[in-house]
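A.B. asks: starting from these lines, generate the structure:
(one chain, ligands or ions: 2)
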Amino acid sequence: MHSLSVSGQPSLLCQLEWKSLNQVPDSHIWPPDLLHHHPTSNIIPPSSSMPIIDLTAADSVVIPLIGRACETWGAFQITGHGVPLRLLDLVEAQTCRLFSLPSAHKLRAQRSPSGGVTGYGPALISSFFSKLFWSEGFTIVGSAQEDARKLWPNCFNDFCSAMEEYSKGMKDLSRRVIVLMLRSLGLSEEDIDEVGPLRGHDEVEPVLQLNYYPPCPEPDRTMGLADHTDSSLITIIHQSSCVTGLQLLHHDESDNPRPQWVEVPPISGALVVNVGDLFHIISNGRFHTVIHRAIVDRTWSRISVAYFCGPLAHFKVGPIQKIVDPNQGPAYPGITWPKYLSLKKKLHNETLASIRLPLAAKRQDDEKKVL
Ligand SMILES: O=C(O)CCC(=O)C(=O)O
Ligand SMILES: [Fe+2]
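C.D. replies: Ligands and ions are numbered 1, 2, ... in the order given. You can find the predicted model right below:
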C-alpha cells in the first residue's frame, strides 16, 4: 500500500520519517524476484571489475581503452579528468544541504504532479513500479533558481552557483569524453564536427539529477533505484566516496552464462561514465547502453549526482553513416532526444527494442515479398 499525499500521488517518506523507522514499510518492500532476478550474491571478482581510465594518459592509450569499455561494459570510471575535487565536494555538500531540510520544507519544491520534470520528488522511473524506492530525488533542467528559491527564499545563491559551476564542468567534460568515444569508433576530429551529436553542444540545457539514499534498517528488502538505462548520450555520475550502492549489469559470456550485478566501487575524485541509449543508437548498437541500479546500505546514507548529456532538442540523432556496415544497414532510425524521452516515459526498458529496425538483409527480403 502506498502512502498518499494530498495531491493523490505516492508521497516520499522523507528524512525525518526515514530515521524513525526500524523496519521497511510494506509500501517499500520489493518482491524478491524483482530484487534478485540477477543475483547480487554473485558479485564477480575484482579482476574483472569495470575499467578505470586515466584521462591524463596519451590519446593513443585512452581511446582504445574507452572503446573497449563501451563495447564490453557500457561504462567506465575516469580519473585525471581535470574537475577539481573542491567542485565535487561542493556539489555533494549542497546536495546534502538540500536533502537534510525538513520534509515539509522540501515539499515546497515538489515536482508538479501534472507531468513536471524539475524539482523534488521520487525518481522519474518510479511510476513504472508498484513499490516505492528507498530514495529521494531532485531534478534540475537548465537553471535551478526557480525551485531553489522555493527552498531557500533568501539564500538560494550558494546552491545555484554550485550547481551551475558543476554543470559547466560536466558539460566540458562530457564533450571531451564523447569525442574520445567517437574517435574510438574510427571517426576523425573533422568527421565529428560534421556528423557528430555534439553540434550546438554549448547550447544544450544541462540536466542534473541529485539522488539521496537514506540508511535502511532492512536493505535487502528494498530498492534505492530500480534497473534502468539512461536515455542520454552519456551520463557522468559523481557518487559519495565512502559507501557502495551503484551496480551495473554485466555480461561476460566467456566467464559466465548469465549477466551479473557488479558493484561500482566509489573512488575519491573518480567519475563514472555510463553509455546511454542515444549513444547506443549513434554507434549502431556497437556501444552497450548499460543497465544499472542503486541499492541501499544499513548504516550509511549515500548521495549521487548524475549529469545527463544529450544532443540539442531539435537535433535528430541516428546511427552515424560512416560506421554503419552496409551489409547490415542502420539498426535504428534517427530520433530527437525529446521524442525518445516521450517513448521512454511509456515503454521504460523496452524503448530501444520498440524502435529497432530489422536487419538490412531481412528488410530486402520483406520488400521483395511485397513486390
Ligand atoms: O545513484 C546512482 O549511483 C545512480 C543514479 C542513476 O542511475 C540515475 O540518476 O539515473
Ligand atoms: Fe541512471
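A.B. asks: from here on, just use CA atoms for contacts and neighbour counts.
C.D. replies: OK.
A.B. asks: how near is the nearest residue to residue 144 once chain neighbours are set aside to ligand 1?
C.D. replies: Spatial nearest neighbour of residue 144, excluding adjacent residues (C-alpha to C-alpha, 6 or more residues apart in numbering): residue 160 at 5.8 Å. Distance, residue 160 to ligand 1, by C-alpha to the nearest ligand atom, to the nearest Å: 19 Å.
A.B. asks: where's residue 160, which helix or strand?
C.D. replies: helix 157-184 (DSSP states H and E).
A.B. asks: show me the helices in this structure, by range?
C.D. replies: Ranges of helices within the chain are 15-20, 32-36, 59-72, 85-99, 103-106, 145-151, 157-184, 189-195, 277-282, 337-347, 351-355, 360-370, based on DSSP state H.
A.B. asks: now do the end-to-end distance for stretch 345-354.
C.D. replies: Using C-alpha to C-alpha, to the nearest Å, the end-to-end distance of stretch 345-354 comes out at 13 Å.
A.B. asks: quick one: is that stretch near ligand 1?
C.D. replies: No: with C-alpha under 6 Å from any ligand atom as the measure, stretch 345-354 is seen stopping short of ligand 1, the closest distance being 12.6 Å.
A.B. asks: mean confidence for that stretch?
C.D. replies: Model confidence over stretch 345-354 averages 95 on the pLDDT scale.
A.B. asks: what residues sit buried inside that stretch?
C.D. replies: Buried residues in stretch 345-354, defined by neighbour count with 16 or more other C-alpha atoms under 10 Å: 348-349, 351-352.
A.B. asks: what residues does the stretch 151-300 of the chain have near ligand 1?
C.D. replies: Proximity of the stretch 151-300 of the chain to ligand 1 is confined to 209, 211, 230, 239, 246, 293-294 under the rule C-alpha under 6 Å from any ligand atom.
A.B. asks: tell me the one of the residues you listed nearest residue 333?
C.D. replies: Distance to residue 333 across these (C-alpha to C-alpha) is lowest for residue 230, with 18.4 Å.
A.B. asks: burial check on that closest one, number of neighbours?
C.D. replies: Residues lying near residue 230 (other C-alpha atoms under 10 Å) number 21.
A.B. asks: next, the contact list for it, please.
C.D. replies: Neighbour list for residue 230: 274-277, 289-290 [criterion: C-alpha atoms under 8 Å, 6 or more residues apart in numbering].
A.B. asks: just to revisit the earlier point, pick the most deeply packed of the helices of the chain.
C.D. replies: Highest mean neighbour count of the helices of the chain: helix 277-282, a mean of 27 (counted as mean count of other C-alpha atoms under 10 Å).
A.B. asks: and the gap between the residue nearest to residue 52 when sequence neighbours are not counted and residue 60?
C.D. replies: Once flanking residues are discounted, residue 52 sits nearest to residue 77: 4.6 Å by C-alpha to C-alpha, 6+ apart. Relative to residue 60, residue 77 is positioned 18 Å away (C-alpha to C-alpha).
A.B. asks: swap in residue 305?
C.D. replies: Distance from residue 305 to residue 60, counting by C-alpha to C-alpha: 30 Å.
A.B. asks: before we move on, what about residue 343?
C.D. replies: Remark: distance between residue 343 and residue 60 (C-alpha to C-alpha) = 38 Å.
A.B. asks: which residue is nearest the middle of this protein?
C.D. replies: Centroid-nearest residue in the chain, with C-alpha atoms, centre = their mean: residue 230, separated by 4.5 Å.
A.B. asks: for residue 55, see how far away it is.
C.D. replies: Distance of residue 230 to residue 55, computed by C-alpha to C-alpha: 23 Å.
A.B. asks: low-confidence regions, this structure specifically.
C.D. replies: For the chain, applying pLDDT under 70 flags the ranges 1-16, 36-48, 360-371.
A.B. asks: try 80
C.D. replies: Where the chain drops to pLDDT under 80, the residues are 1-17, 36-48, 115, 195-196, 253-257, 359-371.
A.B. asks: residue of the stretch 1-150 of the chain nearest ligand 1, please.
C.D. replies: As assessed by C-alpha to the nearest ligand atom, ligand 1 sits closest to residue 123 within the stretch 1-150 of the chain, at 7.5 Å.
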